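> Coordinates for the following, if possible.
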Amino acid sequence: MKKFIKKLLGVDAYANFTPLNNLVNLGFIHGFYAIPENYLDSNSICYCIGAGIDISFDTELVVKYNSNVFIFDPMPEGKNHYNEVVNAVISQQPLVVGADQIEPFTYKINQSQLDKVKFIDIGIWDQETIVKFYEPTKENYASHSILNLQKSEHFIEAKVDRLSNIMKKLNHTQIDLIKIEIEGAEYKVIETIIEDKLDVKIILVEYDEMHNHKGYSFLWRIKKSTNLILNEGYKMVFTNDFYKRTFIRNDVYEELIN
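The predicted structure is shown next:
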C-alpha cells in the first residue's frame, strides 16, 4: 500500500526513471554508485563531495579509468580515512571497508594512481563562509551534517565554499562526474549547480534524509530536487529504494545510446 501511495503522489523512488544499458557499480557494496561503464577516461575530471570513512568509489574512478579525482571533506573522519588509505598504499598493506560485512571491499589503488587523487579539506555549500557541522548521534555513524539531520547539540566549525568558486580556483570549466553525499546539504549544492549553470555531465547523489527522517515530508524535498535536475536537461538512469541516484545530461545520454 505504501508503494502504491508513493507512486500515486509521484514520490516513488522509481518515478521518472529512464533505463540505460552498460552501467557498472563501483565501490563497496554499501557505498557504491552506478555509472556508465565506458564513458570516463584519463582526462576526466571527477569531484567527490563527502568522504566519510569510505572512499572506495572515489578511488575506483582512478583504478578503473585513471581519471582525475578531487575529494572534498573538511571533517576529521574524512581526512583521517583518506590518510589511512594513503598510509596503507605507502606501506603496501591491505585496507578494508566493511570488514564485518558479507562483501567487504579492499582498496586496490596503488602509489602511482594515488597521485591522481587530490584531497581538499573544505566543504561545499552555497557561499564561502564558516558553518557548523553537527556530530552524528547514531552509534557507528561517522558523518557530520550541516543540516543537523540527527538533531545533535555538538558541532565542529569548518570552511565551506560555493562549487562555482571551487571550480574557478582549480581552473576547471567543466566536471565530467560529481558525487554528492553530504548528509542533507545535497539540496543546496544541487541548487547552486543549476543556478550557476555549471557544465556537469554526470551527477551522482545520495539523498541522505532517507536514512535520518521522521515522517515523510522529505520525499517531497527529494522530488523537488530531482525535478530540478531533470528539468535542467538530465535523465535519471539509476535509482534504488534508498534514493541513491545517477543523472546523466541529455547530450551525454544520447552519445551513450548511439
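
> Buried ones in the helix ranked longest in the chain, by neighbour count?
Looking across the chain with DSSP state H, the single longest helix is helix 76-91. Neighbour counts over helix 76-91 (16 or more other Cβ atoms under 10 Å) mark 78, 81-82, 85-86, 88-89 as buried. Where C-beta positions appear, they are placed from N, C-alpha and C, glycine not excepted.

> can you check stretch 18-26 too?
20, 23, 26.

> Surely the first one and E254 touch.
Pointing back at L20 there. No - with contact defined as Cβ atoms under 8 Å, L20 does not reach E254; the gap is 11.0 Å.

> downstream neighbour of the helix or strand encompassing S112 in the secondary structure list?
Secondary-structure assignment from DSSP states H and E places S112 in helix 111-114. Counting by DSSP H and E, the next helix or strand C-terminal to helix 111-114 is strand 117-120.

> just the helices in the stretch 1-150 of the chain please.
Here the stretch 1-150 of the chain has its helices, by DSSP state H, counting those that start in this stretch, at 2-9, 56-65, 76-91, 111-114.

> of all the ones you listed, which lies closest to E209?
Closest approach to E209 among those is made by helix 2-9 (14.8 Å; Cβ to Cβ).

> What ranges in the stretch 151-258 of the chain fall below the confidence cut-off?
Filtered on pLDDT under 70, the stretch 151-258 of the chain yields the residue ranges 212-215.

> Run through the strands of it in chain order.
155-162, 175-180, 200-206, 234-239, 244-249 (DSSP state E, counting those that start in this stretch).

> and the longest helix of the chain, what other elements does it pack with?
Under the contact definition 3 or more Cβ pairs under 8 Å, 6 or more residues apart in numbering; DSSP states H and E, helix 76-91 sits against helix 111-114.

> Give me the distance from stretch 200-210 to the chain's centre.
The gap between where stretch 200-210 is centred and where its chain is centred comes out at 6 Å by Cα atoms, centre = their mean, to the nearest Å.

> swap in stretch 19-30?
14 Å.

> quick one: contacts of that stretch?
Residues outside stretch 19-30 that contact it (Cβ atoms under 8 Å, 6 or more residues apart in numbering): 32-38, 54, 56-58, 60-61, 64, 97-98, 101, 103-105, 235, 237-238, 246, 248, 253, 256-257.

> 7 Å instead, please
Under the contact criterion Cβ atoms under 7 Å, 6 or more residues apart in numbering, stretch 19-30 has outside partners 32-38, 54, 56-57, 60-61, 64, 97-98, 101, 103, 105, 237-238, 253, 256.

> Quick check on the residues you listed: which are buried?
Here, 16+ other Cβ under 10 Å leaves 32-36, 54, 56-57, 60-61, 97-98, 105, 237-238, 253, 256 buried among those.

> Where does pLDDT dip in the stretch 1-150 of the chain?
1-10, 139-142, 148-149.

> was I right about L219 contacting A15?
No - the pair L219 / A15 is not scored as a contact, 10.4 Å apart, by Cβ atoms under 7 Å.
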